[in-house]
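Q: need a 3D model of the sequence below.
(chains A and B)
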Amino acid sequence: MSEEVKNFKVTIDNITLEVPPGTTILNAARLLGAEIAPPAMCYYSKLENSGGKCRTCLVEVAAGSTADPRPMPKLVASCRTTVMDGMVVKNITSEKVVDARNGVVEFLLINHPLDCPICDQAGECNLQDLSYGWGEVNTRYKFARRTFVREDIGPYIQLHMTRCILCYRCVFVADQLTEKRMHGIVDRGDHAAISTYISKAIDNDFSGNMIDVCPVGALTDRTFRFKNRVWFTKPQDAHRDCEKCCGKVTLWMRGDEVYRVTARKDKWSEVQSYDGKPGWICNTCRFEKKSASDWVIEGLTTISRYSVIGANKYKVKVTPETTIQKVMGGLKPNLLMNIHSISDVNDPDLHLSEIPGPADGKDFDIANEIDNHIDENPYEAENYNKEFMYKNLEK
Amino acid sequence: MQALTNRLKHVDRRPMNLWEKIYIPAIVKGMAITFAHMFKKKPTINYPEVKRRFSPVFRGLQILNRDAEGRENCTACGLCAVACPAEAITMEAAERQPGEEHLYREEKYAARYEINMLRCIFCGLCEEACPKDAIYLSETFAPAEFQRKQFVYKKQDLLIPHPINEPEAYKKALGNRAVKNSNN
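A: A predicted model of the protein is given here:
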């Protein structure tokens, strides 16, 4: 380097830091931490040209630069505005920003359905976090919300257009990660919708990453649909040798079953980078390796203590020593009640992770039938091959 | 040391006098108190025949609610289970199929829903957490049983009777509280 790059001095919420020229305000604020960084729904640092659409990252620029210290007349989108030397930015310290962001959240929620109890994204949804942080308790919107019919794009991905906030992230994934874009945004304005032309199935190897970049529950994993709530599954870091992708994933497990596979996320809920490259994962890893034996498990994923997903997850498990055997001279305690013999939930014979789509009533009826049959004929039970029975009954 | 309150009473440790030593007056005094209670109003009730009124905030056995058309409200969102401090609630969700619209209100429903009454502490947090108006704590006790396995309540045990098919049972299950609320 012959010419030394002069860093720009920028003040964000009264904290001054130096960043290289060309950095956006949002990325500069992210260096300061999650409390100061403006929220972003459409900007995704790993996708080129993303950002500038959702307006949640609006900030006030109180002084443009040292050369021209006039404030900018309007709030600017921090993901698309680069810093200048001597710039003074106000984020949460500005009343105008707080007011504008409340308004933006209200606009984003105008057409968003209140179906978090059904939505598989709930618990890890950026819009949910944003509306808890910035939204109003009640809606003022009195008109009918736009609704769309649910659509399967390909065998693995399901599109709920009703929930979409048109951030275009998935379009950028399709553009930049896969060779050929098969879906995009059709129509304009209020009628704009994500769709595939001629309902073409997306069979690109990296199409599954759309699920990870979607900030809401518009694009969800069909193999995980309704299987369990996110916070009841246990996230574990795992890896496998994959020719197509980095193979570093988070497994969302329950017991020994792998319910869902996603890429690992950083604290901005974006895909983690390894050696400067984003760790996108391929569809084989994501949808087809649903067995714990396919993976080398590294350990529990670290989860923010403020997230509901962290509830009841313990990194270190200490089992207290039982003294019954010592006191009773080696006698084992009687098991008074095996919960699986009574409870139907979490049936050890029913492997939800092996059902390709969402489970329906039939899957549970079959499991009940087998249980009843074994209860009635306990002598036959030893000779049963339960998996064989499942397949027979399914036919 | 300064006394914290002015209610300190010193124990009288003087030896008993003759009146106290003969003991009978103390017995008579005690018996008089006992007999006086015979003429007072009894605080106890004969339980199975007479039932005491429930407090308006009583938290009893859970019921799973249905809407006016008899469809199940529960969507298996898991908020009751995550709110439950005793981890008594477990569930498994399924997708509603075409033709089941009269059974379940939304596209997802609880295929299995269990409350382990051995664990439940009747705190009512499930009722508070429910976004779908689906679970309520009723004015009923969990009945006593002889075996542990009878305390695992399944969905069929918890569901409120169908309001159209069994209107009598439904009205009974709603209890006094619902009637009182509808009058207001």
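Q: surely A:Ala174 is within a strand?
A: No. Going by DSSP: H, G, I helix; E, B strand; the rest coil, the assignment for A:Ala174 is helix, not a strand.
Q: wouldn't it be in contact with A:His183 here?
A: Yes. Taking Cβ atoms under 8 Å as the definition, A:Ala174 is a contact partner of A:His183 at 6.0 Å. Every C-beta, even on glycine, is put in place using the N, C-alpha and C of the backbone.
Q: helices along the chain, start to end?
A: Using chain A here. With helices called from DSSP state H, chain A shows them at A:25-32, A:95-108, A:126-134, A:169-177, A:209-213, A:283, A:324-327, A:339-342, A:361-376, A:386-394.
Q: hm, I was asking about chain B
A: Along chain B, counting by DSSP H, helices occupy B:18-21, B:24-36, B:79-83, B:125-129, B:155-158, B:167-183.
Q: mind listing what's buried in the first one?
A: Meaning helix B:18-21. Across helix B:18-21, burial judged by 16 or more other Cβ atoms under 10 Å in any protein chain shown covers no residue at all.
Q: give me the residues contacting that helix.
A: Contact with helix B:18-21 is made by B:Pro25, B:Ala26, as judged by Cβ atoms under 8 Å, 6 or more residues apart in numbering or on different chains.
Q: now it, how far from the centre of its chain.
A: 52 Å (Cα atoms, centre = their mean, to the nearest Å).
Q: send the alpha carbons of that helix over as PDB?
A: This file holds the C-alpha atoms of helix B:18-21, laid out as PDB (Å, rounded to 0.1, in the frame of the first residue of the first chain):
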ATOM      1  CA  LEU B  18     -54.000 -22.700  95.900                       C
ATOM      2  CA  TRP B  19     -56.800 -21.600  93.500                       C
ATOM      3  CA  GLU B  20     -54.500 -22.500  90.500                       C
ATOM      4  CA  LYS B  21     -53.200 -25.600  92.100                       C
END
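Q: I figured A:Ala62 hits A:Pro71, correct?
A: Yes. Using Cβ under 8 Å as the test, A:Ala62 is close enough to A:Pro71 to be in contact (5.1 Å).
Q: what residues does stretch A:15-26 touch?
A: Contact with stretch A:15-26 is made by A:5-10, A:12, A:27-28, A:31-32, A:36-38, A:40, A:43, A:51, A:57, A:59, A:61, A:76, A:78-83, A:87, A:89, as judged by Cβ under 8 Å, 6+ apart.
Q: at 6 Å what do you get?
A: A:5, A:7-9, A:28, A:32, A:57, A:78-79, A:81-83, A:89 (Cβ atoms under 6 Å, 6 or more residues apart in numbering or on different chains).
Q: and it, which residues are buried?
A: Buried positions in stretch A:15-26, judged by neighbour count with 16+ other Cβ under 10 Å: A:Val19, A:Thr23, A:Thr24, A:Ile25, A:Leu26.
Q: what is the nearest of these to chain B?
A: Nearest to chain B among the buried residues of stretch A:15-26: A:Leu26, at 32.4 Å, using Cβ to the nearest Cβ.
Q: could you report the neighbour count for the closest residue to A:Ala359 other than its chain neighbours?
A: The shortest distance from A:Ala359 to any non-neighbouring residue, by Cβ to Cβ, 6 or more residues apart in numbering or on different chains, is to B:Ala94 (4.9 Å). Residues within reach of B:Ala94, counting by other Cβ atoms under 10 Å in any protein chain shown, total 24.
Q: quick one: contacts for B:Ala94?
A: So B:Ala94 contacts A:Ala359, A:Asp360, A:Gly361, B:Ala111 (Cβ under 6 Å, 6+ apart).
Q: look at whatever residue of chain A ends up closest to chain B and say how many residues are nearby.
A: In chain A, the residue that lies nearest chain B is A:Pro117 (3.3 Å; Cβ to the nearest Cβ). Residues lying near A:Pro117 (other Cβ under 10 Å) number 19.
Q: that one: what's it in contact with?
A: B:Thr75, B:Cys77, B:Pro131, B:Lys132.
Q: keep only those that also lie close to chain A.
A: For chain A, the contacts drawn from these by Cβ under 6 Å from any Cβ of the partner chain are B:Thr75, B:Cys77, B:Pro131, B:Lys132.
Q: which of these are buried?
A: Going by neighbour count (16+ other Cβ under 10 Å), these have B:Thr75, B:Cys77, B:Lys132 buried.
Q: skipping adjacent residues, who's closest to the second one in space?
A: Of all residues beyond its chain neighbours, the one nearest B:Cys77 is A:Pro117 (3.3 Å), with distances taken as Cβ to Cβ, 6+ apart.
Q: thank you kindly, that will do.
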